[in-house]
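> Model the structure of this input:
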Amino acid sequence: MIDDPATDDAISSSVVRAADPLWAQAADRIREEIARRGLTAGSKLPPERELCTRLDVSRVTLRRALGRLVEQGLVTASHGRGWFVAAPVAPAPAREWPKDLESFTATARRKHMRASSVVLRHDTVTASLDDADRLGVPAGTPLLLLERVRLLNDVRIALDRTLVVVELAPDLARTDFRETSLFEELRRWGVEPDRAEATIEARTADGELAGHLGIAEGAPVLVLDQTVFTRDQRPLLLSTVEYSGDRYRLRTTLQTD
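Sure thing, here's the model as predicted:
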């Protein structure tokens with residue numbers, strides 16, 4: 001999804017994984033071990049206790065990881081006998097347009113790049129009628145306004161304007177977002193972004209946006225507007241991200257039923 005700037009530099013896989021939940025990291029490691037050892041359909045995995053020790057995770061985390069691999073058709077459980085490889089495992093293809101809700105920082109790490117931000121505004125504002133309607137709160141409700149220029153390897157990629165319901169994560173007002181991921185900080189305070197309803201459209205940059213991104217006025221931009229919901233399906237935040245058209249690319253796969 002991102003066109004890597006020429007200044008792209010690699011980072012270690014351990015850092016790339018740091019943004020993923022522990023169970024997702026465990027699932028990736030099990031997948032990689034199956035592929036590395038060339039295990040075929042019917043091969044038995046080590047006992048759960050041994051897997052927990054190897055992966056340094058709890059039984060609950062391990063079973064969530066294995067549950068994800070079951071959903072993906074990679075492993076299967078046999079009651080009283082353990083876990084088995086369900087099918088030969090090929091390396092996971094690189095994702096361009098993630099099916100899972102993913103932060104800018106997590107996407108950057110997946111692409112072996114470094115995300116940072118220039119924070120333009122970090123204020124508490126009150127919800128307008130339109131914002132209140134989208135967020136399901138009364139007009140005048142306190143919202144955190146976070147406006148940032150998003151950079152990849154110090155290259156200006158996008159202008160991100162986000163509104164977060166303050167009562168869901170009040171400590172965000174004291175967070176330094178120059179290097180911090182908003183999604184990671186929300187999760188740290190127990191608020192889990194679950195899904196987003198988004199629209200994408202093409203526009204041209206006005207003078208202010210062009211100045212922030214270092215592009216010509218009238219240059220093409222890709223605008224992502226989304227409402228992000230928590231796991232209990234409560235609106236959490238509104239985000240409008242304007243990407244420089246020559247530095248960001250959308251690529252996905254479509255197929256018939």
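> use CA for all of it now, contacts and neighbours both
Noted.
> got a list of what T199 touches?
L224, D225, Q226 (CA atoms under 8 Å, 6 or more residues apart in numbering).
> one more time with 10 Å
V223, L224, D225, Q226, T227, T240 (CA atoms under 10 Å, 6 or more residues apart in numbering).
> State the helix or strand in which it lies.
strand 193-204 (DSSP states H and E).
> what's the following helix or strand after that strand?
helix 207-213.
> mind listing what's buried in that next one?
L209, A210, H212, L213 (16 or more other CA atoms under 10 Å).
> so the closest residue to P235 other than its chain neighbours bridges to which residues?
Spatial nearest neighbour of P235, chain neighbours left out: F229 (4.4 Å); criterion: CA to CA, 6 or more residues apart in numbering. For F229, the beta-bridge partners are R195, P235 (DSSP bridges).
> I'd like to know how far F229 sits from A219.
The gap separating F229 from A219 is 32 Å, by CA to CA, to the nearest Å.
> Of those two, which one has the most company?
F229 (19 against 16; other CA atoms under 10 Å).
> I'd guessed that one sits against E192; true?
Yes - with contact defined as CA atoms under 10 Å, F229 counts as touching E192 (8.5 Å).
> what do those two both touch?
L236.
> Output the below-cut-off pLDDT ranges for the stretch 151-257 of the chain.
Applying pLDDT under 70 to the stretch 151-257 of the chain flags the ranges 249-257.
> repeat that with 90
Residues of the stretch 151-257 of the chain meeting the criterion pLDDT under 90: 152-154, 167-175, 179-181, 183-195, 231-233, 245-257.
> all helices of it, in order?
182-188, 207-213 (DSSP state H, counting those that start in this stretch).
> Of all those, which one comes closest to T141?
Nearest of the helices of the stretch 151-257 of the chain to T141, taken as CA to CA: helix 182-188 at 18.9 Å.
> Tell me which other helices or strands the longest helix along the chain touches.
Counting by DSSP state H, the longest helix found in the chain is helix 22-37. With contacts taken as 3 or more CA pairs under 10 Å, 6 or more residues apart in numbering; DSSP states H and E, helix 22-37 sits against helix 13-17, helix 48-55, helix 59-71, strand 75-78.
> what sits up against the longest one?
By CA under 10 Å, 6+ apart, the surrounding residues in contact with helix 59-71 are 21-31, 48-49, 51-53, 55-57, 72-77, 83-86.
> Please point out which parts of that helix sit buried.
T61, L62, R63, R64, A65, L66, G67, R68, L69, V70.
> With the last one instead?
For strand 75-78, burial by neighbour count (16+ other CA under 10 Å) applies to V75, T76, A77.
> Is it possible to get CSV of those residues that adds distance to H122 and pLDDT?
CSV is the format used below for these (distance: CA to CA, whole Å; pLDDT from 0 to 100):
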residue, distance to H122, pLDDT
V75, 45, 86
T76, 48, 84
A77, 49, 80
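> Minimum distance to E179: which of the helices and strands packed on helix 22-37 has it?
Closest among those, using CA to CA: helix 13-17, at 14.2 Å.
> Which pLDDT does the model give the residue most central in space within the chain?
Residue closest to the average C-alpha location in the chain (CA atoms, centre = their mean): E102, at 1.6 Å. What the model reports as pLDDT for E102 is 77.
> And L66, by the same measure?
Looking at L66, the pLDDT reads 89.
> Ok, R29 next?
Note for R29: predicted pLDDT of 89.
> pretty sure it contacts L55?
Yes - between R29 and L55 there is a contact under CA under 10 Å: 8.0 Å.
> Might you report the residue contacts of the nearest residue to D160 once chain neighbours are set aside?
Closest residue to D160 apart from its sequence neighbours, by CA to CA, 6+ apart: V241 at 4.3 Å. For V241, the contacting residues are 147-150, 157-162, 200, 221-226, by CA under 10 Å, 6+ apart.
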